[in-house]
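S.K.: Predicted coordinates and the sequence they were generated for:
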Amino acid sequence: MAETTYILAVDQGTTSTRAILFDHSGSIVAVDQREHQQIFPRAGWVEHDGLEIWDNTRAVIGGALGKANVNRSAVAAVGITNQRETTIVWDRHTGIPIANAIVWQDTRTQRLVEELGGDEGPRRYAARTGLPLATYFAGPKACWLLDNVAGARARAEAGDLLFGTIDTWVLWNLTGGPDGGLHVTDVTNASRTMLMDLHTLQWDSQLCAAIGVPESMLPQIRSSAEVYGTCHPGILDGVPVAGILGDQQAATFGQGCLERGMAKNTYGTGNFMLLNTGTEIVPSDNGLLTTVCYRLGDEPAVYALEGSIAVTGSLVQWLRDNLGMIGAAPEVETLAQSVNDNGGTYFVPAFSGLFAPHWRPDARGAIVGLTRFVTKGHIARAALESTAYQTHDVLQAMNADSGVALRELKVDGGMTANDTLMQFQADILGVDVIRPVVAETTALGAAYAAGLAVGYWSSTDDIRTNWQEAKRWSPAMDAGTRDRLLRGWDKAVQRTLDWVDDDVEQD
């Protein structure tokens, strides 16, 4: 392709939306970003304004093109990556959502998922979906909207409402909205709804009926890399949209984890570790998720084991916004470095319960081990260390399920800029931690998917060639110290369990 042609990635995340232009080497040419409001109507509820997200998407696309001083003729294709599981339902005729989007962190569907499990419990549908019944996933969120927004279920059954995760919402608007917008998702996002059969890669009628989501409102499931259609109207008019990947699958793809046994961990709002299992669907016996990793065109789907952690980077945001302990996120490292250790303090950020490998919605956040000696520096350090401890728990489960001990871990996401955390992560895991030159691997993965679909990159060999190591952290902690710290963490986790009673936060 000509040097003046780029791939545009739309990265719609939990806290912000970004548009990034990449060149053929996988380097960033221009980026624009806007945060959106986090809406907390009540304890355990987390929402986003879908119209605000779409407005921000348009704005950052224009911003990125403007910073690069190019127009749509320089864009070979658009790839979309998105916060997964976040659920939006809208009117197909007007494009207006019936309510705020329910975010993946939201726990309001707890009673519903318990009822769905019945006597068989959380694993009732895991053989088909790869997922436990949990508030995390999109299908029950859609059911909740239909049952709690006046008239919504009747409108859905009449064919007037559409359901989607955020990739579907962005694509529908990019390609025309009410004027012929494409209602499509890819296999990675569909695999997070609890409505798709992992084996057939199609919506499962029995699951849809059981969970209470009419099939008529579901998008068409397509691969992760193909030309779905073209943008219309707007600044990208006529540019093909050719890639869709849920954010963590996109990061796995962007990190070049293309062979069975390769793994990455993304440090963002939450943490998400994915292990490529090839074309084999590997069920988990240790609290992990089985999910689609990616599918390129007509090629067989590639699957993954995933460990999802709800609160990591958002804990730093909480220290900043809710407690006012820091003025900006990077300050947490300076504050943590003001002390030599955690002072015996552990912070378990179970704000939305505990995700993998525990899957305990009844847990709530706790700071334990407090004494008069503890300062805000110790609290900051404990907050950072919680990310490393939670990652350790997921890695232990991943090693058990896969039967192969991980030798090194590729990392990406905003928190990897924190050297203190990354060194502690290597110490706690006992393996090397490696950050690539291009840390924006989520957006890069979506760009690669789109670029492969239109021939901008000729094969996945180009991804392997482009990947370069930027920094490596090796373990330096003795085994005795590591064991002592992990023992304290395990005790702290136990203190958070069984906190939510049946009559609390259930209505």
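M.R.: Okay, I see it. Numbering: from 1, shown residues only.
S.K.: pLDDT below threshold where in the chain?
M.R.: 1-3, 502-507 (pLDDT under 70).
S.K.: Could you check what's spatially nearest to R360, not counting adjacent residues?
M.R.: Leaving aside its chain neighbours, R360 sits nearest to L354 (4.5 Å; criterion: C-beta to C-beta, 6 or more residues apart in numbering). Where you see a C-beta, it was placed from the backbone N, CA and C, and this is true even at glycine.
S.K.: all strands for the stretch 51-200 of the chain, in order.
M.R.: For the stretch 51-200 of the chain, the strands defined by DSSP state E, counting those that start in this stretch occupy 75-82, 87-91, 101-102, 161-165, 184-186, 196-197.
S.K.: Which one, of these, ends up nearest to G66?
M.R.: In terms of C-beta to C-beta, the element of those nearest to G66 is strand 75-82, at 13.0 Å.
S.K.: I'd like to know the phi and psi angles of A30, please.
M.R.: phi -160, psi 150 (degrees, to the nearest 10).
S.K.: Likewise for the one 4 residues further on?
M.R.: Here is the backbone geometry of R34 (degrees, to the nearest 10): phi -140, psi 130.
S.K.: To what extent is it buried, counted in neighbours?
M.R.: 16 (other C-beta atoms under 10 Å).
S.K.: List the beta-bridge partners for V348.
M.R.: Counting by DSSP bridges, V348 is bridged to A366.
S.K.: Helix, strand, or coil at the residue of the chain positioned farthest from its centre?
M.R.: Here the centre of the chain is the reference, and by C-alpha atoms, centre = their mean the most remote residue is R372, at 37.9 Å. With DSSP: H, G, I helix; E, B strand; the rest coil as the basis, R372 sits in coil.
S.K.: Over to the one 10 residues further on?
M.R.: Per three-state DSSP, the local secondary structure of A382 is helix.
S.K.: Give me the nearest residue to it, chain neighbours excluded.
M.R.: That would be F347: by C-beta to C-beta, 6+ apart, it lies 4.1 Å from A382.
S.K.: do you know how far that neighbour is from W169?
M.R.: Applying C-beta to C-beta, to the nearest Å, the value for F347 to W169 is 34 Å.
S.K.: And the two? Which one has more around it.
M.R.: Remark: of F347 and W169, W169 carries more neighbours, 33 against 25, as counted by other C-beta under 10 Å.
S.K.: check contacts around that one.
M.R.: Applying C-beta atoms under 8 Å, 6 or more residues apart in numbering to W169 gives the contacts 50, 53-54, 88, 90, 101.
S.K.: Name the nearest of the residues you listed relative to V411.
M.R.: I53 (26.9 Å).
S.K.: Tell me, how many residues neighbour the residue nearest to that closest one when sequence neighbours are not counted?
M.R.: Nearest residue to I53, sequence neighbours excluded (C-beta to C-beta, 6+ apart): H36, at 5.7 Å. Neighbourhood size, H36 [other C-beta under 10 Å]: 19.
S.K.: Could I get the contacting residues of G413?
M.R.: Residues in contact with G413, defined by C-beta under 8 Å, 6+ apart, are 251, 266-268, 313, 439, 442.
S.K.: Kindly report the same for W499.
M.R.: Residues near W499 by C-beta under 8 Å, 6+ apart: 362-364.
S.K.: how about 6 Å then?
M.R.: Residues near W499 by C-beta atoms under 6 Å, 6 or more residues apart in numbering: R364.
S.K.: Can you say which two of the contacts of W169 are spatially most distant?
M.R.: Distances among the contacts of W169 were taken as C-beta to C-beta; the most separated pair is I53 and W90, at 11.7 Å.
S.K.: before we move on, back to that, isn't the residue nearest to I53 right up against W54?
M.R.: No - using C-beta atoms under 6 Å, H36 is not in contact with W54; the gap is 10.1 Å.
S.K.: just to revisit the earlier point, can I get the strands of the stretch 51-200 of the chain in JSON lines with distance to S27 and mean neighbour count?
M.R.: Below are the strands of the stretch 51-200 of the chain laid out as JSON lines (distance: least, C-beta to C-beta, whole Å; neighbours: other C-beta atoms under 10 Å):
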{"stretch": "strand 75-82", "distance to S27": "15", "mean neighbour count": "29"}
{"stretch": "strand 87-91", "distance to S27": "33", "mean neighbour count": "24"}
{"stretch": "strand 101-102", "distance to S27": "32", "mean neighbour count": "26"}
{"stretch": "strand 161-165", "distance to S27": "29", "mean neighbour count": "27"}
{"stretch": "strand 184-186", "distance to S27": "25", "mean neighbour count": "27"}
{"stretch": "strand 196-197", "distance to S27": "35", "mean neighbour count": "23"}
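S.K.: hang on, the earlier thing: for the residue nearest to A382, give me its contacts.
M.R.: Per C-beta under 6 Å, 6+ apart, neighbours of F347: 367, 382-383, 386.
S.K.: in stretch 145-155, what's buried?
M.R.: For stretch 145-155, a neighbour-count test (16 or more other C-beta atoms under 10 Å) marks 145-146, 149, 152-153, 155 as buried.
S.K.: no wait, stretch 312-321
M.R.: 312-320.
S.K.: Tell me which other helices or strands the host helix or strand of G243 touches.
M.R.: If you go by DSSP states H and E, G243 is part of strand 240-246. Judged by 3 or more C-beta pairs under 6 Å, 6 or more residues apart in numbering; DSSP states H and E, strand 240-246 is in contact with strand 75-82, helix 187-190, strand 225-230, helix 441-453.
S.K.: okay, the shortest one in PDB with CA atoms only?
M.R.: To tie it back to what came earlier, the one meant is helix 187-190. Extracted in PDB, the C-alpha atoms of helix 187-190 (Å, rounded to 0.1, in the frame of the first residue of the first chain):
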ATOM      1  CA  VAL A 187     -17.800 -13.600  17.000                       C
ATOM      2  CA  THR A 188     -15.600 -12.300  19.900                       C
ATOM      3  CA  ASN A 189     -18.300  -9.900  21.100                       C
ATOM      4  CA  ALA A 190     -21.100 -12.400  20.500                       C
END
